[in-house]
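# mind looking at a prediction? Sequence and model below.
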Amino acid sequence: MVFYFKARPEAGDYTIFMGLDKYENEELIKYGFPEDIWFHVDKMSSAHVYLRLPKAQTIDDIPDGVLEDCVQLVKANSIQGNKVNNVDVVYTPWQNLKKTASMDVGQVGFYNPKMVRTIKVEKRINEIVNRLNRTKVERKPDLRAEREAVNAGERAERKQQLREKKRREDLDRLEKERQAELRSYKNLMVADKMTSNKDIAATNKSLQELEDDFM
């Protein structure tokens, strides 16, 4: 089971989601999207909360209000973190999550700790948590199928880009060949014109010589 939430509407169309338990978390870790940002209460047990960004955005583009929604949701879904103030929440791109065979179910590490950001949450804000809970939808998605569908779409897009690149290269090559042919034709015309002038000069000289002979 995966729970889906809608961030504050004035910030745009942002979806926040989290797994039911550590087994769902394992699936989310495995089949995440490059656009996903992962949130967790630091050094405490908590839900794994994800924010899915639009393709053109990065972690630097998260609106402040959406960020607040995410950290409030992850704090509220931490048994220990929900009871105390001033907890740290860490967040990082999904691609920075590291999973090894020796780790427990739902446990993760990081490939690059420098890509992990920390934000302090002073206290739970019920208004935010209640608003998010009113948007909650439960689904049983086929995470693997969703990930494979995205992969297939990305492969098709790359193929189309390669075809378009080859088409442009072919057009550029044909245009260069045409320009080279035009330059060759112009050079040929200039050479022919120069030869004709020489022929005319030679003819004039011959006529003058004949006139001189006649005189």
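Structure received.
# helices along the protein, start to end?
Listed in chain order, the helices of the chain (DSSP state H) span 22-30, 64-76, 126-134, 143-214.
# just checking, what packs against the third one?
The reference is to helix 126-134. strand 2-6, helix 64-76 (3 or more CB pairs under 8 Å, 6 or more residues apart in numbering; DSSP states H and E). C-beta coordinates here come from the backbone N, C-alpha and C atoms, glycine included.
# got a list of contacts for it?
For helix 126-134, contacts defined as CB atoms under 8 Å, 6 or more residues apart in numbering pick out 5-8, 16, 68-69, 72-73, 76.
# in a markdown table, list the helices and strands packed on helix 126-134 along with distance to Trp94.
What follows is those, written out as a markdown table (distance: least, CB to CB, whole Å):
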| stretch | distance to Trp94 |
| --- | --- |
| strand 2-6 | 14 |
| helix 64-76 | 13 |
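# okay, these, which one's buried deepest?
With neighbours defined as mean count of other CB atoms under 10 Å, the helices and strands packed on helix 126-134 peak in mean count at helix 64-76, which reaches a mean of 22.
# re the thing from before, make TSV out of the helices and strands packed on helix 126-134 and add mean pLDDT and distance to Leu51.
As requested, those are exported to TSV (pLDDT from 0 to 100; distance: least, CB to CB, whole Å):
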stretch	mean pLDDT	distance to Leu51
strand 2-6	96	10
helix 64-76	98	5
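# low-confidence ranges in the chain?
151, 153-154, 190-215 (pLDDT under 70).
# please redo it, this time with the cut-off set to 90
Scanning the chain with the threshold set as pLDDT under 90 gives 1, 21-24, 55-56, 101, 105-107, 141-215.
# wait, which of the helices of the chain is closest to Phe110?
Nearest to Phe110, of all these, is helix 22-30, at 12.0 Å by CB to CB.
# what residues are up against the residue nearest the centre of the chain?
Residue closest to the mean C-alpha point of the chain, counted by CA atoms, centre = their mean, is Lys55 at 5.0 Å. Neighbour list for Lys55: Glu35 [criterion: CB under 8 Å, 6+ apart].
# ok, now how distant is it from Thr92?
Lys55 sits 18 Å away from Thr92, taking CB to CB, to the nearest Å as the criterion.
# likewise Thr15?
Distance, Thr15 to Thr92, by CB to CB: 18 Å.
# looking only at neighbour counts, state which of the two leads.
Thr92 (22 against 14; other CB atoms under 10 Å).
# neighbours around the closest residue in space to that one that isn't next to it in sequence, how many?
Closest residue to Thr92 apart from its sequence neighbours, by CB to CB, 6 or more residues apart in numbering: Val116 at 4.5 Å. Val116 has 15 neighbours, counted by other CB under 10 Å.
# over to the one 3 residues further on?
Here the count is done by other CB under 10 Å, and Ile119 has 15 residues near it.
# any idea what it is bridged to?
When assigned by DSSP bridges, Ile119 has beta-bridge partners Val89.
# OK, contacts around it?
Shown in contact with Ile119 (CB under 8 Å, 6+ apart): 67, 71, 88-89, 91.
# let me know the distance separating it from Tyr91.
7 Å.
# then Lys159?
Applying CB to CB to Lys159 and Tyr91 gives a distance of 34 Å.
# many thanks, we can stop here.
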